[in-house]
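Engineer: Quick one, structure for this:
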Amino acid sequence: MDADAPVPDAREAMERLLLDGPRRYTRLQVHQRAGMPPERTQRLWRALGFPDAADDDPAFTDADIHALGVLSDLIRSGFVDEDTEASIARAMGQALSRLADWQADMLADALTRTGPDGERRPASPEEAVAVAGAMLPKMLQLQSYVWLRHLAANVDRLLAATGPGDRRELAVGFADLVGYTSRSRGMGGRELGAMVEDFESIAAEVIARHHGRVVKTVGDGVLFTARTATDAAGIGLELPGIWAAADRPPLRVGAAYGAVLTRLGDVYSPVVNLASRLTSLARPGALLVDRDLADRLRGLPGYRVRPLRRVSVRGYDHLQPWLVRRPAGAAGEHDSDSGYDENAFDEAGDDPDA
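Structural biologist: Residues are numbered from 1 along each chain as shown. Have a look, this model is predicted:
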């Protein structure tokens with residue numbers, strides 16, 4: 001037996017705690033007790049992000065059957081459409097899987113103790129189960145609180161909902177770490193994890209401060225939305241400066257404005273692709289936007305908007321980016337154009353009063 005493997009009794013106790021009971025049912029028994037066809041329960045299980053269980057594997061608990069019963073009630077009430085249940089399961093599974101990964105790391109760190117000799121050692125299996133039992137109810141309470149607060153922040157959308165998905169005019173932006181791949185190759189796991197944590201923490205703080213929403217993050221970037229052009233510009237102008245440090249890769253931002261479909265927590269629109277292309281064109285520390293977003297900023301105090309020369313990128317033959325920055329003399333700004341020289345600008349389309 002692997003010396004590092006969990007003690008069987010402790011593993012069983014931990015699973016009972018987390019799954020609200022022992023594993024006792026096979027896949028076929030679950031569908032019989034839940035009153036759902038086996039292909040449907042399997043589709044939902046996969047959508048949640050879990051691998052298939054063998055027909056004779058007692059992998060399921062009473063909580064699994066109860067969850068399917070709740071889903072059936074929601075379908076009967078009309079709250080969940082049977083045609084979209086897998087999509088909902090997939091969205092929840094992806095979001096909560098990431099949360100569970102983070103919480104597992106947090107619990108593992110909490111269960112590592114520093115001994116008298118200064119070395120960190122893992123807690124005993126019994127201690128691990130006891131700590132998890134004490135922390136789990138508090139974590140559930142906190143998750144419910146945050147979830148309800150986010151629903152409350154969307155109460156206008158809840159009251160005005162007209163069907164699946166929500167079409168709105170939004171600014172969509174990407175913030176991207178320049179040279180992340182090459183920089184990360186030379187970093188250890190702990191160092192890389194700390195940098196990613198710092199990036200996501202700073203990005204979330206700045207985006208929230210400007211009334212934006214983090215849609216999703218990957219290792220080297222974050223996708224966000226904002227209701228107004230000024231909120232998006234505030235994020236794009238502030239974030240690179242706050243993030244900047246000698247030991248960090250620089251940050252660039254691209255944003256576009258237009259009609260967006262929000263569905264299951266994600267955003268869909270050509271505007272998203274346009275924002276991505278603009279980000280890839282931006283120089284380190286710069287904010288590039290499309291014409292629609294630029295038009296909403298032109299003439300507003302606190303912004304200088306200048307058109308760059310048109311370029312051809314995948315999906316756009318004559319894309320014209322617009323550079324946004326604070327005017328010279330504004331707090332934290334100086335008389336420069338974020339590394340762009342005069343040859344980079346399209347003077348024919350420039351508005352000196354913008």
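Engineer: who's in contact with the residue nearest to E238 when sequence neighbours are not counted?
Structural biologist: Closest residue to E238 in three dimensions, ignoring its sequence neighbours and counting by CB to CB, 6 or more residues apart in numbering: V206, at 5.5 Å. From N, CA and C alone the C-beta is placed, and that goes for glycine too. By CB atoms under 8 Å, 6 or more residues apart in numbering, the residues touching V206 are I235, E238, L239, I242.
Engineer: Please settle this for me: is the last one part of a helix?
Structural biologist: Just to be clear, that refers to I242. Yes - counting by DSSP: H, G, I helix; E, B strand; the rest coil, I242 is part of a helix.
Engineer: what about it, how many residues close to it?
Structural biologist: Counted with other CB atoms under 10 Å, the neighbours of I242 add up to 12.
Engineer: who are the neighbours in contact with it?
Structural biologist: I202, V206.
Engineer: how much space is there between it and A204?
Structural biologist: Distance, I242 to A204, using CB to CB, to the nearest Å: 12 Å.
Engineer: before we move on, what about the third one?
Structural biologist: With distances defined as CB to CB, the gap from L239 to A204 amounts to 10 Å.
Engineer: what about those two, which has more around it?
Structural biologist: L239 (26 against 16).
Engineer: What segments of the stretch 51-200 of the chain are strands?
Structural biologist: 112-114, 120-122, 166-177 (DSSP state E, counting those that start in this stretch).
Engineer: what's the single longest helix in this structure?
Structural biologist: In the chain, taking DSSP state H as the definition, the longest helix is helix 125-153.
Engineer: Quick one: mean pLDDT over it.
Structural biologist: Averaged over helix 125-153, pLDDT sits at 84.
Engineer: what about it, distance to the chain center?
Structural biologist: Relative to its chain's centre, helix 125-153 lies at 20 Å (CA atoms, centre = their mean, to the nearest Å).
Engineer: now for that helix, which elements pack on it?
Structural biologist: Contacts defined by 3 or more CB pairs under 8 Å, 6 or more residues apart in numbering; DSSP states H and E place helix 125-153 against helix 8-19, helix 85-110.
Engineer: want to throw the ones you listed into CSV with distance to R46 and mean neighbour count?
Structural biologist: Output for those, formatted as CSV (distance: least, CB to CB, whole Å; neighbours: other CB atoms under 10 Å):
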stretch, distance to R46, mean neighbour count
helix 8-19, 19, 14
helix 85-110, 8, 14
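Engineer: Let me have these in CSV, adding distance to V146 as columns.
Structural biologist: What follows is the helices and strands packed on helix 125-153, written out as CSV (distance: least, CB to CB, whole Å):
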stretch, distance to V146
helix 8-19, 20
helix 85-110, 10
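Engineer: Any chance of JSON lines for those helices, columns distance to A54 and mean pLDDT?
Structural biologist: Below are these laid out as JSON lines (distance: least, CB to CB, whole Å; pLDDT from 0 to 100):
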{"stretch": "helix 8-19", "distance to A54": "18", "mean pLDDT": "80"}
{"stretch": "helix 85-110", "distance to A54": "21", "mean pLDDT": "80"}
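Engineer: neighbours of T225, just the number please.
Structural biologist: Residues near T225, counting by other CB under 10 Å, number 24.
Engineer: Could you report the pLDDT at it?
Structural biologist: 94.
Engineer: Would you mind confirming that K216 makes contact with D266?
Structural biologist: Yes - counting by CB atoms under 8 Å, K216 does reach D266; the two are 7.2 Å apart.
Engineer: What residue spans form the domains of this protein?
Structural biologist: Per the record, the chain has its domains at 8-111+121-153, 166-349, by automatic domain parsing.
Engineer: Select from those the stretch with the lowest mean pLDDT.
Structural biologist: Ranked on mean pLDDT, the bottom entry among the domains of the chain is domain 8-111+121-153, at a mean of 83.
Engineer: The residue lying closest to A229 once chain neighbours are set aside sits in which helix or strand?
Structural biologist: Excluding the flanking residues, the one nearest A229 by CB to CB, 6+ apart is R296, at 3.6 Å. Counting by DSSP states H and E, the element that carries R296 is helix 291-297.
Engineer: Check which helices and strands the helix or strand following that helix sits against.
Structural biologist: Tracing the chain past helix 291-297, the next element assigned as helix or strand by DSSP H and E is strand 304-307. Counting contacts by 3+ CB pairs under 8 Å, 6+ apart, strand 304-307 is packed against helix 291-297, strand 322-325.
Engineer: Any figure for the gap between A328 and D64?
Structural biologist: Per CB to CB, A328 is found 62 Å from D64.
Engineer: For burial, what's the neighbour tally of V253?
Structural biologist: 29.
Engineer: how deep is the nearest residue to it once chain neighbours are set aside tucked in, by neighbour count?
Structural biologist: Leaving out its chain neighbours, the residue that sits closest to V253 by CB to CB, 6+ apart is G236, at 3.9 Å. The tally of other residues near G236 (other CB under 10 Å) stands at 31.
Engineer: for H318, same thing?
Structural biologist: Per other CB under 10 Å, the neighbour tally for H318 reads 8.
Engineer: host element of it?
Structural biologist: strand 316-319.
Engineer: Of all the residues in that strand, which ones are buried?
Structural biologist: Y316, L319 (16 or more other CB atoms under 10 Å).
Engineer: Neighbouring strands of it in the sheet, and parallel or not?
Structural biologist: strand 311-313 (antiparallel) (DSSP bridges).
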